[in-house]
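Novice: Need coordinates for the following:
(chains A, B, C and D)
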2 protein chains.
Amino acid sequence: MQEPTLLLLTALADEPRHGYALMREVAEISDGRVRLRTGTLYGALERLQREGMVRVEREEVVDGRARKVYALAEPGVTALAEETARLRALAVEAERRLALRPGFRGATA
Amino acid sequence: MQEPTLLLLTALADEPRHGYALMREVAEISDGRVRLRTGTLYGALERLQREGMVRVEREEVVDGRARKVYALAEPGVTALAEETARLRALAVEAERRLALRPGFRGATA
DNA sequence: CGCCATATGCCGGTCGCCGATATATGTGAG
DNA sequence: CTCACATATATCGGCGACCGGCATATGGCG
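Specialist: Residues are numbered from 1 along each chain as shown, chains lettered A, B, ... in the order given. Okay, the predicted model is just below:
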């Protein structure tokens, strides 16, 4: 799983959101580092629906603009939980190895 | 940065290793989940050298077999440290959000 | 002698992501 | 009133990392 996808699932983890809100949320989570393009966003959303990770919870019209509100499906919750656990373990291992290097000054500050 | 690349840099983080040893190391780090293909390995190694992350430390011949021993260059150390810090923060955030879900049972066990 | 582990390398295909483009409405500036 | 901008969704071509398969070569074991 790549980072944009991981960010997307994370942005959906606490509550359902529509596409455009997801773009803003992902930017915020990543401190502005990752700006999802619409091509990536809607492409990923479609793929994640095919894979059963995400579902459309409802469609609404707000101020004359159509919205699709996406939500994490159960497989998505499980996948996200497993992925983050895996990644956290990997990060810890990488940092352990880096600390083994002679003269290493942590970049974590 | 994708996971195979991250795993590769992690495998090089503590000490220099040659290609085949990297395949074994990556498999071990990932608990056997990720088996680097030679195409991925040598392709990534070449790319990472172009990017200045990795360098060939030395070439040796052991038991009649030629080896190239790869090492992390300084930019690789920095990149790995930053990437892991970023990923760890993201994992923490994802887990925080997951914990907010009603009735969530941690998959971290 | 054949098989497996060691060891490196290339090549075609797939797939996720990027960049650009299109479409449409509401809001605020000029 | 009009133009620009934020909101909102969607499609398309292309690129690049990774995968799977193949090729090549040596040393050790049965």
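Novice: Tell me the pLDDT of the residue of chain A found nearest DNA strand C.
Specialist: Closest contact between chain A and DNA strand C, by Cβ to the nearest atom of the strand, is at A:Gly39 (2.0 Å). Where C-beta positions appear, they are placed from N, C-alpha and C, glycine not excepted. Note on A:Gly39: pLDDT of 94.
Novice: same question, the one 4 residues further on
Specialist: Predicted confidence (pLDDT) for A:Gly43: 96.
Novice: hmm, the longest helix seen in chain A in reach of DNA strand D?
Specialist: Longest helix in chain A by number of residues (criterion: DSSP state H): helix A:74-100. No. Helix A:74-100 does not reach DNA strand D (Cβ under 7 Å from any atom of the strand); its nearest approach is 13.2 Å.
Novice: so how far is stretch A:51-64 from its chain's centroid?
Specialist: 17 Å (Cα atoms, centre = their mean, to the nearest Å).
Novice: picking up where we left off before, quick one: neighbours of the residue of chain A closest to DNA strand C, just the number.
Specialist: Residues within reach of A:Gly39, counting by other Cβ atoms under 10 Å in any protein chain shown, total 8.
Novice: do A:Arg97 as well
Specialist: By other Cβ under 10 Å, the residues close to A:Arg97 number 21.
Novice: Distance check, A:Asp31 against B:Leu45.
Specialist: Per Cβ to Cβ, to the nearest Å, A:Asp31 is found 31 Å from B:Leu45.
Novice: Same drill for the two, tell me which one is more crowded.
Specialist: Legend: neighbour count by other Cβ under 10 Å for A:Asp31 and B:Leu45, higher for B:Leu45 (19 against 9).
Novice: Touching, the more buried one and B:Val69? I think so.
Specialist: No. B:Leu45 sits out of contact with B:Val69 when judged by Cβ atoms under 8 Å, with a separation of 11.4 Å.
Novice: So which residues lie in contact with stretch A:12-29, not counting its own?
Specialist: A:4, A:7-8, A:10-11, A:34-36, A:38, A:41-42, A:45, A:54, A:57, A:67-72, A:76-77, A:80, B:90, B:93-94, B:97-98, B:100-101 (Cβ atoms under 8 Å, 6 or more residues apart in numbering or on different chains).
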